[in-house]
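**Student:** Test case, fold it:
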Amino acid sequence: MLVQSVERAFGVLDTLSNGPLGVTDVALRVDLPKSTAARLLKTLEELGAVEQIVGDGRYRIGSVIASLAGSTSQASDLVGRARPLLESLSAEIGEDAGFSVPESYLVHYIDQVDSDNAVQVRDWTGEEVPMHVVPSGLVMLAHWPSLRRERYLNLPLERFTDASMTDPDKLTSRLAKIRKDGFAWAFGEFVEGINSVGAPVLDQANRPLGALHVHGPAYRFPIKYDQSEVTLKITEAAHRLSDQLQRHQF
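**Tutor:** Okay, the predicted model is just below:
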């Protein structure tokens, strides 16, 4: 037996897979009252499954569904666009730089450029880690719809080091600041002795498509660098990549 609300939600998503539509058109195509279609769209928007086009009013498939349905070719395209920025970041800062995307409640690292520094950390490409302990995850989590963010924070949050932040109230305050600042630093929160900084890559609706990060050993990063300069470089790179991807409607 089909659950009616689930069936209707899939009907809405199937309709939007053909292109953006307004509430009235969605209602007509899935044969629902306009008020019901509007409620479904609002719920799906809160979950990140659909998004409203800025300045347009129509809805389209959101970043969560796009991520779940993302093909290998799309991932390759994302890596291709991010790679020059990663190379520049690594060369300018002198540490490893990486690009990650959301994978359900995890951060999936899909590319990394290693620095020429004598002591490197490790290649995280292919790794998946919880969002609350790494800057890439924190900046994406900060830009999630509030309902989805709250659901994550209500999960049992694993502690990896003594520095890991797992208190939901403290994380809520931290995420609000990250959302305002546009970046996050983490000091030994996932792996002891490793510090990192991340900035979000956003779509036109200000939802996260991914994140750029730079990481290095705590004895030199960011101690041997100008921390504010490192922050500026990675946020500028993330803004450039966001602009590129928005122009290509990722």
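**Student:** neighbours of residue 45, just the number please.
**Tutor:** 18 (other Cβ atoms under 10 Å). The C-beta positions use only the backbone N, C-alpha and C, and glycine is treated the same way.
**Student:** before we move on, what SS does it have?
**Tutor:** helix (DSSP: H, G, I helix; E, B strand; the rest coil).
**Student:** Wait, it touches residue 61, no?
**Tutor:** No - using Cβ atoms under 8 Å, residue 45 is not in contact with residue 61, being 11.2 Å away.
**Student:** What segments of this structure are helices?
**Tutor:** For the chain, the helices defined by DSSP state H occupy 4-16, 23-30, 34-46, 63-69, 72-93, 135-142, 146-153, 168-181, 227-247.
**Student:** Which one of those helices has the poorest average confidence?
**Tutor:** Sorting those by mean pLDDT places helix 63-69 lowest, at a mean of 65.
**Student:** For residue 123, which of the helices of the chain is the nearest?
**Tutor:** Among the helices of the chain, the nearest to residue 123 by Cβ to Cβ is helix 72-93 (12.3 Å).
**Student:** Name the residues of the closest one that come out as buried.
**Tutor:** 78, 81-82, 85-86, 89-90, 93 (16 or more other Cβ atoms under 10 Å).
**Student:** Go ahead and name everything in contact with it.
**Tutor:** For helix 72-93, the surrounding residues in contact (Cβ atoms under 8 Å, 6 or more residues apart in numbering) are 96-99, 101, 110-115, 201, 209-210, 212, 214, 225, 230, 233-234, 237, 240-241, 244-245, 250.
**Student:** tell me the angle that helix makes with helix 227-247.
**Tutor:** 150 degrees (axes from the mean of the first three to the mean of the last three Cα atoms, to 10 degrees).
**Student:** CA atoms only: put helix 72-93 into CSV for me.
**Tutor:** Taking Å, rounded to 0.1, in the frame of the first residue of the first chain, the C-alpha atoms of helix 72-93 are listed here in CSV:
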residue,chain,number,x,y,z
THR,A,72,30.0,10.5,-12.0
SER,A,73,30.2,13.0,-14.9
GLN,A,74,28.8,15.7,-12.7
ALA,A,75,31.3,15.0,-9.9
SER,A,76,34.0,15.1,-12.5
ASP,A,77,32.8,18.4,-13.7
LEU,A,78,32.8,19.8,-10.2
VAL,A,79,36.3,18.5,-9.6
GLY,A,80,37.4,20.1,-12.9
ARG,A,81,36.0,23.5,-12.0
ALA,A,82,37.4,23.3,-8.4
ARG,A,83,40.9,22.0,-9.3
PRO,A,84,42.5,25.3,-10.5
LEU,A,85,41.3,27.0,-7.4
LEU,A,86,42.7,24.2,-5.2
GLU,A,87,46.0,24.5,-7.0
SER,A,88,46.2,28.2,-6.4
LEU,A,89,45.2,27.9,-2.7
SER,A,90,47.8,25.2,-2.1
ALA,A,91,50.6,27.1,-3.8
GLU,A,92,49.7,30.4,-2.2
ILE,A,93,49.2,29.1,1.4
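**Student:** Now do it: distance to the chain's middle.
**Tutor:** Distance, stretch centre to chain centre, for helix 72-93: 15 Å (Cα atoms, centre = their mean, to the nearest Å).
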